[in-house]
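*Asks:* I'd like to go over a predicted model; first the sequence, then the structure.
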Amino acid sequence: MCESNVYIRSENDEVLFFDSADVVRVDGGRIYMRSLFGEEKYYDGEIEEILLSKHKIILKGRDPNPAHTSSVANDAGESGRYRK
């Protein structure tokens, strides 16, 4: 599989924030993540680094807690679009 884990980087550590992200995209100053199973999260921050060979995405941001978390089915199929 080609999913990546998403981590939040602080001064001294990296903490797993989202496991097995299939979609990661910038959405109005936040980072949107979705898994193959429809779990979704937003993070108020920015992408700091993407390590493709390690399937690892590192975020940094203003808020260590998600701005929005929900478990919903993928409404848009393979297109990658989603409803707000």
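*Replies:* Everything's here; your move.
*Asks:* state the distance from the residue lying closest to residue 61 once chain neighbours are set aside to residue 4.
*Replies:* Spatial nearest neighbour of residue 61, excluding adjacent residues (C-beta to C-beta, 6 or more residues apart in numbering): residue 45 at 1.7 Å. For every residue, glycine as well, the C-beta is placed using N, CA and C. Residue 45 is 16 Å from residue 4, where distance means C-beta to C-beta, to the nearest Å.
*Asks:* again with residue 11
*Replies:* According to C-beta to C-beta, residue 11 and residue 4 sit 23 Å apart.
*Asks:* neighbour-wise, which of the two wins?
*Replies:* For residue 11 versus residue 4, neighbours defined as other C-beta atoms under 10 Å are more numerous around residue 4 (20 against 4).
*Asks:* show me the residues around the closest residue to the more buried one other than its chain neighbours that make contact.
*Replies:* Nearest residue to residue 4 in three dimensions, chain neighbours excluded: residue 55, at 4.3 Å (C-beta to C-beta, 6+ apart). By C-beta atoms under 8 Å, 6 or more residues apart in numbering, the contact list for residue 55 reads 2, 3, 4, 5.
*Asks:* again, only this time at 7 Å
*Replies:* By C-beta atoms under 7 Å, 6 or more residues apart in numbering, the contact list for residue 55 reads 3, 4, 5.
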